[in-house]
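[1] no sequence on this one, just coordinates:
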């Protein structure tokens with residue numbers, strides 16, 4: 001078989017498969033965060049703040065989610081205090097610093113410095129001028145975890161909480 005025929009067959013197979021891939025269903029951002037296993041503390045905080053609907057909803061969001069390693073840098077007493085039911089509003093305010101309305105792909109950050117407005121109405125810069133990219137003063141350690149309603153970018157610190165180190 002000639003290279004041309006092989007190339008044509010490969011192209012045709014790709015065109016046939018493309019719609020199936022495009023319609024592939026992804027878990028929600030909340031489910032994707034659960035599936036990765038690296039956002040356990042973040043997810044507990046989301047639940048304690050009553051914000052699961054934000055990450056499970058129909059509105060697209062991008063979450064710059066602190067990993068469990070990021071939460072380990074926060075003084076335990078401070079985190080325990082924040083997770084108490086009476087501090088639900090304060091906790092929600094912290095978490096909203098990590099959520100952007102709409103989808104922000106890693107490729108839209110690459111080679112750019114862009115300003116993003118969080119759900120806490122704070123403007124933070126995402127800097128993709130060199131790897132690793134940054135979100136404010138946090139380092140993005142993983143990009144583009146896909147959800148049906150948005151993206152997750154893993155970061156190495158909790159915005160708005162001082163670390164223990």
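    Received, thanks. These figures come from a predicted structure and were not determined experimentally.

[2] where does residue 110 land on pLDDT?
    Note for residue 110: predicted pLDDT of 92.

[3] same question but for residue 19, I mixed them up
    Taking residue 19 on its own, its pLDDT is 42.

[4] can you pull the contacts of residue 149?
    By Cβ atoms under 8 Å, 6 or more residues apart in numbering, the residues touching residue 149 are 28-29, 55-61. (Glycine included, C-beta is placed from N, CA and C.)

[5] bridged to residue 101, which residues?
    On the basis of DSSP bridges, residue 101 is bridged to residue 61.

[6] reformat the contacts of residue 149 as TSV; add pLDDT and distance to residue 145.
    Formatted as TSV, those follow (pLDDT from 0 to 100; distance: Cβ to Cβ, whole Å):
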residue	pLDDT	distance to residue 145
28	95	12
29	96	8
55	95	12
56	94	15
57	92	17
58	91	19
59	93	18
60	95	14
61	96	12
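
[7] just the buried ones among these, please.
    Neighbour-count burial (16 or more other Cβ atoms under 10 Å) applied to those gives 28-29, 55-56, 60-61.

[8] looks like residue 79 contacts residue 70 (just checking).
    No: with contacts counted by Cβ atoms under 8 Å, residue 79 stays clear of residue 70, the gap being 11.1 Å.

[9] settle it for me: which of those two has more neighbours?
    Legend: neighbour count by other Cβ atoms under 10 Å for residue 79 and residue 70, higher for residue 70 (24 against 18).

[10] from residue 151, how far out is that one?
    18 Å (Cβ to Cβ, to the nearest Å).

[11] please apply the same query to residue 82.
    Residue 82 sits 25 Å away from residue 151, going by Cβ to Cβ.

[12] what sits closest to residue 106 if chain neighbours are left out?
    Closest residue to residue 106 apart from its sequence neighbours, by Cβ to Cβ, 6 or more residues apart in numbering: residue 143 at 3.5 Å.
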